[in-house]
Every structure is written in structure tokens, then in C-alpha cells.
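pasting the sequence and the predicted coordinates here, then a few questions.
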There are 2 protein chains.
Amino acid sequence: MEFNHIKMAAERIQGLVHVTPVLTSQLIDQSLGCECFFKCENLQKVGAFKARGACNAVSLLNAQDAALGVATHSSGNHGAALAFAAKLRGIPAYVVMPSNAPQVKKDAVAAYGATIIECEPNLPAREHELARVVQSTGAHFVPPYDDERIIAGQGTAALELMTQAPDLDIVIVPVGGGGLLAGTVLAAKGIRADTLVYGAEPAGADDAARGFRSGQRVVDVEPKTIADGLRTTLGQVNFIIIKNHVDDILTVSESGILEAMKLLWTRLKVVVEPSSAVAVAAILEHKETFSGKKVGIVLSGGNVELSQLPF
Amino acid sequence: MEFNHIKMAAERIQGLVHVTPVLTSQLIDQSLGCECFFKCENLQKVGAFKARGACNAVSLLNAQDAALGVATHSSGNHGAALAFAAKLRGIPAYVVMPSNAPQVKKDAVAAYGATIIECEPNLPAREHELARVVQSTGAHFVPPYDDERIIAGQGTAALELMTQAPDLDIVIVPVGGGGLLAGTVLAAKGIRADTLVYGAEPAGADDAARGFRSGQRVVDVEPKTIADGLRTTLGQVNFIIIKNHVDDILTVSESGILEAMKLLWTRLKVVVEPSSAVAVAAILEHKETFSGKKVGIVLSGGNVELSQLPF
């Protein structure tokens, strides 16, 4: 994959998704000791950057494949994003969701008119159920992150950010499956080769950080983190891009995630998921790395259950 | 006062405050049955539209008066706004605050370098303490709403909104002291005379609605509402402008305010104060008035204590 894939994705999804605003806050800059530019993908369609990848993937289907619909398994934002993208194109969407997925995320998928298929909350059950759905409907499987179309779409957030906030020294995004980070590094270094690109990961789900250091993708993770969007294992395509291009992956504590989340809610006045706060937590906990720099941060999503806030 | 005062205020405060974004949400439009354009003053400097009026008032002071500083009493956003405006101009600010003001608001005032003077939580104590401060320092009193400079500044939010979202049928804003509503009606009708302008007020603090109907300003209010920013009584200058120009004042229930707040947090992904949700509650509870219309809403502020959320 290369920079050009991101640029083509951006043209493809133009008008389908929002050009989200970039927010700044002097008080946050004072707290963090650097100049921060927050790309608000929590204000994106479906409340997360995932709308970008899903729209790119759905746009790329030919008419014959598209007519049968799309399918995926998702505990979170990718399901809503695919439902949204399918609705825009006027095709069916089937989303396999674990029975314990947050109600707010089930509601979002349903609101976009997708068919929800519930399954046991474990990966084998999800994959089994998805295979059954694909076989019975002929729908096209759109994976949540381990897919070049998805990576290209997610990279468009950083592409926009670097136009809205030029001359960034560093871009940092959270890493779970690696779709956002892989797309971001291709976009950011494509625009300005000496931009440093970091992933931010909870220490309790540090498969990306460990794999990045060892050079071997880590698949035996038992994630323990409040950042539900980052409990996934890094994808294969994603791992190769990240290993070859990303500058470092910084891990953060759970208390750091909470502190960052409070900072964003109270100072930036935006509703963000814990996953989004992970990148800000990395700045809080690795201040020397960011000191005095111009830093771009992608706030990945804003879908939270208000009845279960951690404060 | 007239439209021209708003335009001059806008020129005066340009570069001192943010041009805040206007957000939309298809899901919210579906819920409310109209097309909504949210002017995000919660993303304004100091987290509220109050930065506009304060900057306008402080800009208008001559050098000699300004040097002695500014003073006000405020339980909330006006104090932070005046502290912010004074800091920009490099002059002292003195803010009299009731001892029971939320910590988040005290922190904000302190962060802008103002001197906080605590007093008993009642109006006579606040006024007494303010008079003492003004006498001892020579600082210039900048009232929170009953002041033409403040009204002109607050009106600049609607002025921007009507450029960002043209052809609005209705503009609705919350009404407490009436600075925002008075400025909004002058701005909105100045741009397009047949724009309908409504105030939205908690039924538990309905002095503006009662005064609007009777033609007599109501001063005997014992406000009972979660919307702490709207517990004030309508100002005198404000009342005259509102009585002469506003189309109606709609009252809302406390449960409506909570429902609207949840809708904004979960769907628009922004942190808003209960006061901001009051305008959206008015749409929820008076749907026929807004059905199918293009509606501009000023989200007035986003300063909430996360430890005391109502959900």
C-alpha cells in the first residue's frame, strides 16, 4: 500500500462523510506542554472514524456484488459504520454482534437499518455466525481493519488533519486492530516524510507495542482495559505497514486514560470514548517526547454509554 | 440598540474569540422532526458564549479605565469570561463568587489569573461584596447581562450562525438574564426580518415567559431547575428588547431538559451544560412549532462538573 491509496480513498468518500473540525485548547496545551490539534472524528458520521473505511470499501464494490449486501462482525463502531455505508448505497447490511455489546452501539446499527445477528461473546462464535450469514445471503464480508480498503479509508482522517493543521511535528492515534494507525502513517508520511507517527496503546492490551519491538505480530493477548475499542489484536496487513513505517508505539496506564478522558470532556467539551483518550494519555505519560512540539491527535470516536461513565 | 451594534461588536472581538463550528446530525433531525443547526458555543473560549460579551465590553474601555481592571459577580461562566477578556487585554480582573459555586467554574476563573473573592451564596451578599471590591480597587463593573455592550457581544454568535447556516426559519436560544436572547433577536432579525426568534426557559424559572406575556418584567422568581445558568432574573435592558422583538418564549420541563441533554451528548457528541439543552428541550416539547423547519440553536456552554452528571 502507498500514499496514493489514501488520496484516492479521500476522493471516493468525499461528500459521504464529514470533513470533521480540528479543535484546540490553550488550557490543554498548558497542561500537556505541547501544541495540540484534535481531529474530531467523534463528530464524524456514526460517531467514529470507522465511517471512512466502511464508505471506501462499500464504494469499491461492483454493482453485482453490492446488490447482495455487506456483512461483518463487530462489537462496536465498525458495525454501525458498515450499516451507514450500506444505507447510503441502498444495499443490505448484516452485522453479527456479541450479545453483550453496549446498547448504544446496537441502537446505532439498528438505526441505520442493518440486520443484527446476535451471537455468543467470543471470537469463534462471531466468526462462525458471520460465515453462516455470508453463506446464506451471499453478502460481501467487509472486515473491521485487516483490509487495504479499510486502511485507505481510515487514513483520510490524517490526510485532512494535515491540511487543516499544517506543519505538525508528530501525529499520534490509538491502535487496536491497526486500521487507523496504518492509514495514518501512510497519509502523514506521504504528506511530510519527517512527520513522526506514533501509536498509543493501553498497557493492558499491548500486543501492538510488543509486536512492534520484537518484529513478530503478537496474537496471544488477553486485553484488560477500559478502552473497549482497542481490545482487538493487530491485523496482518496492518502489522506490516506499522512495523515498516511507524516511529514508535507508546503504552499508557488505565489511570492515564481516565485522566485524559476527563481532560477532553472538561476542557475540549467533546464526548469521546476511552479509546480516543488513549492518545492523549500517551502525551500525559510521555511528556518529554512531545514537549514544545506541534502534535496532531485523532479523536477516534464518541460512542459511550452515558449510564456507565467511569467518573 | 440596533443591528449595527452587533456588527460592530463582531468586528471588535474578531480574533479574540473562536468562530465556533455549526454541527448537524441526521439522527437528531429524525428525532426532532426538523433540520437543526447547532452553533457550538460550548466550544467557545472559556466554554461558553459569555466570552463574546466580555471581550466586547473590555475592548470598549478606554486605557485609563482599563488599567484599574474589571470586576463582576458571577456564579458561573461570566466570571470566567471576564477573567479571560481581562487577561487578553493584560488588566486585572476581580470576580465575586458565591462560596458554593461549582469547583469547575472556580478553577476556570482562577486559571485565567483573576482574583476570586468568595461571598455568601445570596444576591445581597454578592452585590455588597462587589461594591466593596469596586470601591477599594477602582475596577470597572462589567455586569453579566443587563448591559448593552454585553448584549451586543452575545448577539455575535447568532450573526455567525446565520452566515454559516443560511435561510434559517427559526432561531432558538436559552433565556436566563437575557443577554444571549436579546443579542440574538437583534442579530437574527437584522439579517433576515422574517426569521422567528424564540427564547427557551425552564418552567421552574419562567420569569421571562411570564413577563413576556404580561408585558411587565417579573422579578419575584424562586427558580427551581437543573439549568443553573438560567436561574437569573431577566435584566431590564434585556426585557425591553425581548418584549419588543422576540416572537415567543417556550417553557420546558426538567425531564425534557435531561432528555435533550442525553440526546446532545450521545448523538451530537458534545459536552453541554443543562442550560444549553433547554433550547433543544423546547423543540422536543413543542414539536408542532418546529415541524419541517430549518432551526438554528445556540448551544450556550459546556461547563459541567463531571462528578455531578444527572445521568
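Cool, got the structure.

which residues sit in contact with residue A:54?
A:78, A:81, A:82, A:84, A:85, A:142, A:150, A:153 (Cβ atoms under 8 Å, 6 or more residues apart in numbering or on different chains). For the C-beta atoms, the positions are set from N, CA and C on the backbone; glycine is no exception.

which ones among these are found in helices?
A:78, A:81, A:82, A:84, A:85, A:150, A:153 (DSSP state H).

and the second one, how far from chain B?
From residue A:81 across to chain B, the span is 14 Å (Cβ to the nearest Cβ, to the nearest Å).

tally of neighbours for that residue?
By other Cβ atoms under 10 Å in any protein chain shown, the residues close to residue A:81 number 37.

residue ranges of the strands in the stretch 151-300 of chain A, please?
Secondary structure of the stretch 151-300 of chain A (DSSP state E, counting those that start in this stretch): strands located at A:170-174, A:196-202, A:248-252, A:294-299.

just name the most buried of the ones you listed.
A comparison of the strands of the stretch 151-300 of chain A by mean neighbour count, using mean count of other Cβ atoms under 10 Å in any protein chain shown, puts strand A:170-174 on top with a mean of 29.

now do that strand against strand A:294-299, angle only.
Interaxial angle, strand A:170-174 versus strand A:294-299 (axes from the mean of the first three to the mean of the last three Cα atoms, to 10 degrees): 20 degrees.

which bits of the stretch 1-150 of chain A sit near chain B?
Residues of the stretch 1-150 of chain A lying near chain B by Cβ under 8 Å from any Cβ of the partner chain: A:21, A:23, A:27, A:42, A:43, A:47, A:104, A:111.

narrow those to those in strands?
Those of those mapping onto strands are residue A:23, per DSSP state E.

circling back: who wins on neighbours among the ones in helices among the contacts of residue A:54?
Of all the ones in helices among the contacts of residue A:54, the most densely surrounded is residue A:81 (37 neighbours; neighbours counted as other Cβ under 10 Å).

residue A:48 is in contact with that one, correct?
Yes. Look at residue A:81 against residue A:48 with Cβ atoms under 8 Å: they come within range, at 6.6 Å.

export the worst-scoring helix or strand of chain A on mean pLDDT as CSV, just CAs?
Lowest on mean pLDDT, DSSP states H and E among the helices and strands of chain A sits helix A:103-111, with a mean of 85. The C-alpha coordinates for helix A:103-111 follow below in CSV (Å, rounded to 0.1, in the frame of the first residue of the first chain):
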residue,chain,number,x,y,z
GLN,A,103,-26.9,-1.0,23.9
VAL,A,104,-25.8,2.4,22.4
LYS,A,105,-23.9,0.5,19.7
LYS,A,106,-26.7,-1.9,19.0
ASP,A,107,-29.1,1.0,18.7
ALA,A,108,-26.8,2.8,16.2
VAL,A,109,-26.5,-0.3,14.0
ALA,A,110,-30.3,-0.7,14.1
ALA,A,111,-30.9,3.0,13.4
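
phi, psi for the residue nearest to residue A:86 when sequence neighbours are not counted please.
Excluding its sequence neighbours, the residue lying closest to residue A:86 (Cβ to Cβ, 6 or more residues apart in numbering or on different chains) is residue A:93, at 3.6 Å. The phi and psi torsions at residue A:93 (degrees, to the nearest 10) take the values phi -130, psi 140.

wait, what's in contact with the closest residue in space to residue A:69 that isn't next to it in sequence?
Of all residues not flanking residue A:69 in the chain, residue A:92 sits nearest, at 3.3 Å (Cβ to Cβ, 6+ apart). Applying Cβ under 8 Å, 6+ apart to residue A:92 gives the contacts A:68, A:69, A:70, A:86, A:114, A:115, A:137, A:139.
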